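Visitor: What would the 3D arrangement of this be:
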Amino acid sequence: MIQELKKDIKAVVLSEYKLMACILVVLIIFWKFINKLISTYIVCITETVTNDSLFIALIFFLCPIFIALIKHDSLKRETKKFSQRHLWEFFLFVVYVGFKIWGRFDFYSYMGISYFACLFLGMFFTEYVFYCLYRKEFQALTGLYKRTHPFFIDAPTTNDGYNRDFLLRTLLDKVLSTFDSHYFVETPNSFTILLSESFGIGKTSFLCQMKKAIRGGEYQNKIIYVEFRPWLCEKTETMITEFFSVLHQELNRHFILPTGMFSSYLSLLVEKVPDSYYSFMFKSLYKKKTLTTEHDRIMTFLKQIDRPIIISIDDVDRLHDDEVKLMLNLIRDTADFPNLFYIIAADKKKADSTCKCTTPQSYKIFS
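Guide: Presented below is the predicted three-dimensional model:
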């Protein structure tokens, strides 16, 4: 019971603390202006309120009860022991106590109890009465929710529930070791690594852990992580443009790239793709340089970078045969680009069958 209460309190505080902090900051920063408004427009109205009046004290006391009666149905259906309403009630009470301790305000009262104190007493009384009246229904609802099993969500996660951290570190350290040993090689090449497991084993979760370790962990300044998701492309020909766009965007975060480094090379590559709006646009923009010239220009730049580039490609077995063929041709066309490490997640059986149906050259990548 206590654990559930702590969990509810934590969830409510995390959902509302930013707004509460903003309100406090505004009160502190603009207090002089707010105080002036209160003195000009509100004090003149409150001066007409009778002090030491039982009738007004009752109005303040009964206000929460009237509001609770209006929201009667929704309050009956509550299943949390501590909700956002309770947090805001506590927040208002703390603000009131703060003004009371400060002593700069005179609160109208009845028999020494301020009208605002009567309001909070009515609030606490209402909460207690509703809890006593509907405690059995509340327990029945919470018991019902506990007995009902939720849908199982098979979503990727960064939580290492299967102790794969050792495997991840081994892989990333091997990438770094390979990069160091090939840094001064005259004719370097890229590497292709296949995560070949069947559906639901956790390939995507492993890539999520890798992304977290590189972009926010100990490998942050050692490796560049590029996430390419070809299955988001609506058309086959847009896969090439998307690949170089994602690569350019990520490299641009770490280095100053030469002007049009990928654009010319991209325009020459899309000539292999049937004409479309995208391929026509790139072909018409860049026609002067040869594929070899642009290829060598990119290689020269990639040789100079000080860290390896991991390009993850997930859910390859989700692609159609022609899309898989194009993606593998793209990897083949960049196979001699230095410092690139392709990590492909796919069901090996499905990938093998797809590759055999396309070309033998494509099959070699997964062999």
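Visitor: so what does the strand or helix carrying Arg169 touch, helix or strand wise?
Guide: Per DSSP states H and E: Arg169 is located in helix 165-182. Packed against helix 165-182 by the contact rule (3 or more C-beta pairs under 8 Å, 6 or more residues apart in numbering; DSSP states H and E) you find helix 203-216. C-beta coordinates here come from the backbone N, C-alpha and C atoms, glycine included.
Visitor: Please enumerate residues in contact with the helix it packs on?
Guide: For helix 203-216, contacts defined as C-beta atoms under 8 Å, 6 or more residues apart in numbering pick out 156-158, 160, 164-165, 167-168, 171-172, 195, 197, 219-220, 222-225, 227, 310, 312, 314-315, 343, 345-346.
Visitor: Keeping just the C-alphas, turn it into PDB.
Guide: C-alpha atoms of helix 203-216 as PDB (Å, rounded to 0.1, in the frame of the first residue of the first chain):
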ATOM      1  CA  LYS A 203      17.800  -6.700 -32.100                       C
ATOM      2  CA  THR A 204      16.200  -3.300 -32.000                       C
ATOM      3  CA  SER A 205      16.600  -3.100 -28.200                       C
ATOM      4  CA  PHE A 206      20.300  -3.900 -28.700                       C
ATOM      5  CA  LEU A 207      20.600  -1.000 -31.200                       C
ATOM      6  CA  CYS A 208      18.800   1.300 -28.800                       C
ATOM      7  CA  GLN A 209      21.300   0.400 -26.100                       C
ATOM      8  CA  MET A 210      24.100   1.100 -28.600                       C
ATOM      9  CA  LYS A 211      22.600   4.500 -29.500                       C
ATOM     10  CA  LYS A 212      22.300   5.400 -25.800                       C
ATOM     11  CA  ALA A 213      25.900   4.300 -25.100                       C
ATOM     12  CA  ILE A 214      27.300   6.400 -28.000                       C
ATOM     13  CA  ARG A 215      25.200   9.500 -27.800                       C
ATOM     14  CA  GLY A 216      24.900   9.800 -24.000                       C
END
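Visitor: Can you check what angle separates that helix from helix 165-182?
Guide: Helix 203-216 runs at 60 degrees relative to helix 165-182, counting by axes from the mean of the first three to the mean of the last three C-alpha atoms, to 10 degrees.
Visitor: Show me what the very next helix or strand once past helix 203-216 pairs with in its sheet, parallel or antiparallel.
Guide: Using DSSP H and E, the helix or strand that follows helix 203-216 towards the C-terminus is strand 224-228. If you go by DSSP bridges, strand 224-228 pairs up with strand 309-313 (parallel).
Visitor: ok, and what's touching the strand it pairs with?
Guide: Contacts for strand 309-313 (C-beta under 8 Å, 6+ apart): 175, 207, 210-211, 214, 223-230, 247, 250-251, 302, 327, 339-345.
Visitor: what about dumping the CA coordinates of stretch 29-48 to PDB?
Guide: The C-alpha coordinates for stretch 29-48 follow below in PDB (Å, rounded to 0.1, in the frame of the first residue of the first chain):
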ATOM      1  CA  ILE A  29      10.000  37.900 -10.100                       C
ATOM      2  CA  PHE A  30       6.800  40.000 -10.600                       C
ATOM      3  CA  TRP A  31       5.800  40.300  -7.000                       C
ATOM      4  CA  LYS A  32       5.900  44.100  -6.800                       C
ATOM      5  CA  PHE A  33       3.600  44.300  -9.900                       C
ATOM      6  CA  ILE A  34       1.200  41.700  -8.600                       C
ATOM      7  CA  ASN A  35       1.100  43.300  -5.100                       C
ATOM      8  CA  LYS A  36       0.300  46.600  -6.800                       C
ATOM      9  CA  LEU A  37      -2.600  45.000  -8.700                       C
ATOM     10  CA  ILE A  38      -3.900  43.400  -5.500                       C
ATOM     11  CA  SER A  39      -3.700  46.700  -3.700                       C
ATOM     12  CA  THR A  40      -5.500  48.600  -6.500                       C
ATOM     13  CA  TYR A  41      -8.200  46.300  -7.600                       C
ATOM     14  CA  ILE A  42      -8.800  43.600  -5.000                       C
ATOM     15  CA  VAL A  43      -8.300  45.300  -1.600                       C
ATOM     16  CA  CYS A  44     -11.000  47.800  -2.400                       C
ATOM     17  CA  ILE A  45     -13.400  45.000  -2.900                       C
ATOM     18  CA  THR A  46     -12.400  42.900   0.100                       C
ATOM     19  CA  GLU A  47     -12.800  46.000   2.300                       C
ATOM     20  CA  THR A  48     -16.500  45.600   2.000                       C
END
